[in-house]
Each structure stands twice: as structure tokens, then as C-alpha cells.
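Peer 1: task: produce atomic coordinates for the following.
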Amino acid sequence: MMINKKIIGGILEEYLKKFPDDIKKDVSLEVTDNRVKIALDGDIHSLRALNVLVNVLFKHIASASSDKFLVFDLTLAIEESIINIFSHSYPEHRGKVVVDILFKSDGIAIMITDYGKKGCNFNLKEKLASRPADTFAESGRGIMLIRKVVDDISYKSENGVNMLRLIKKIG
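Peer 2: Numbering: from 1, shown residues only. As a prediction, this is how the structure comes out:
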């Protein structure tokens with residue numbers, strides 16, 4: 001799936017201009033014919049800008065898909081992932097997160113990278129088995145939501161770099 005980098009890049013830049021300067025300085029964009037990379041070097045409050053940019057991006061490419069929940073599902077998966085990163089990987093709730101969205105002929109691959117503490121295991125069966133049932137009500141629902149809206153998920157941490165990969169098949 002190709003995107004028009006001039007149109008998408010222009011739209012995302014226009015939306016970014018609407019944010020206050022203290023948030024704009026935390027965000028950088030890179031757009032190519034099949035990829036959008038959004039880097040956020042800020043805190044959990046800067047997440048609003050990232051959410052808007054991701055939502056706008058997916059709304060503009062959703063017409064190529066018959067999945068009417070594509071925008072909501074992918075925005076939700078990315079938002080939940082980044083909330084988990086700021087909550088668990090960065091104890092001071094400040095750090096760098098890179099969302100790299102690759103548009104492929106059969107779907108969308110999203111790589112979310114951070115440089116904080118090693119993240120959690122995204123194997124839901126293991127997660128459920130490792131904690132008492134009553135604690136799951138307080139946390140862990142984000143992982144369930146992410147797993148529900150994407151077709152594949154993988155996580156690895158190497159040399160201080162944490163990488164979460166989400167795949168959404170289209171078609």
C-alpha cells in the first residue's frame with residue numbers, strides 16, 4: 001500500500017502546527033511513500049499530539065481498506081502501547097518513543113521503539129497465569145486490547161532498546 005507522501009506529510013505537518021510550542025518541540029515526522037515515522041521525545045502529556053497524528057494518518061488511508069474499524073483499532077493499539085511505555089519503561093514518565101508505521105500490500109506493520117526499562121511480556125496466557133485474578137482488574141487490560149485489535153504482536157529488548165511490533169492485516 002502506497003501513500004502520497006506529499007499529501008500525507010502536508011496534512012500531518014498542518015495538524016502538528018496546531019499544538020502548543022512545548023508539545024511541537026517534542027515531536028518529529030518523517031514521511032516516505034510507504035512509511036510514516038513519528039518520534040516523540042517528551043512526556044505522557046505529549047501523547048495527545050501523537051494520538052492526533054496517528055488518527056489523522058489512519059483516517060486518510062482507511063479508504064483503501066474495507067475494515068471500518070481500522071482507524072479506531074490501530075489508534076487504540078498504539079495509544080495503549082505508548083501509555084504502557086510511559087507508565088512502566090520510563091519511571092519519570094518522560095522519554096523517547098518512535099512509532100514507525102510501514103504500509104505494505106497486505107497490511108500495516110507498526111514498530112514502537114523506546115529506550116527505557118525493559119517492558120513486559122505480551123504473552124497474555126503467561127501474564128494471566130503469573131498474577132492473581134483480582135489484580136488483573138487493576139492493570140493488564142491494555143495488553144488485552146492491543147492483542148484484540150492487531151493480528152500479530154511481538155516484543156524484544158536488546159542493548160537498551162525495546163521494540164514492540166504490531167501487525168494488522170488488510171484485505
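Peer 1: from here on, just use CA atoms for contacts and neighbour counts.
Peer 2: Noted.
Peer 1: wait, Ile61 touches Ile3, no?
Peer 2: Yes - applying CA atoms under 8 Å, one finds Ile61 in contact with Ile3, separated by 7.4 Å.
Peer 1: longest strand in this structure, by residue count?
Peer 2: strand 94-104 (DSSP state E).
Peer 1: give the buried residues for it.
Peer 2: Arg94, Gly95, Lys96, Val97, Val98, Val99, Asp100, Ile101, Leu102, Phe103 (16 or more other CA atoms under 10 Å).
Peer 1: for the last one, give me its contacts.
Peer 2: Residues counted as contacts of Phe103 (CA atoms under 8 Å, 6 or more residues apart in numbering) are Met1, Met2, Ile3, Asn34, Arg35, Ala109.
Peer 1: so of those, which two are at opposite extremes in space?
Peer 2: The largest separation in those, counting by CA to CA, is between Ile3 and Ala109 at 14.1 Å.
Peer 1: hmm, back to that, give me the sheet partners of the following helix or strand past the longest strand of the chain and which way each runs.
Peer 2: Once the chain leaves strand 94-104, the next helix or strand it forms, by DSSP states H and E, is strand 107-114. Under the criterion DSSP bridges, strand 107-114 sits next to strand 94-104 (antiparallel), strand 161-169 (antiparallel) in its sheet.
Peer 1: so Asp22 is in which element?
Peer 2: helix 21-24.
Peer 1: any idea of the pLDDT on the residue positioned nearest the centre of the chain?
Peer 2: By CA atoms, centre = their mean, the chain has its centre lying nearest to Ile78, at 2.6 Å. Listed pLDDT for Ile78 reads 93.
Peer 1: am I right that it is in a helix?
Peer 2: Yes - under DSSP: H, G, I helix; E, B strand; the rest coil, Ile78 sits within a helix.
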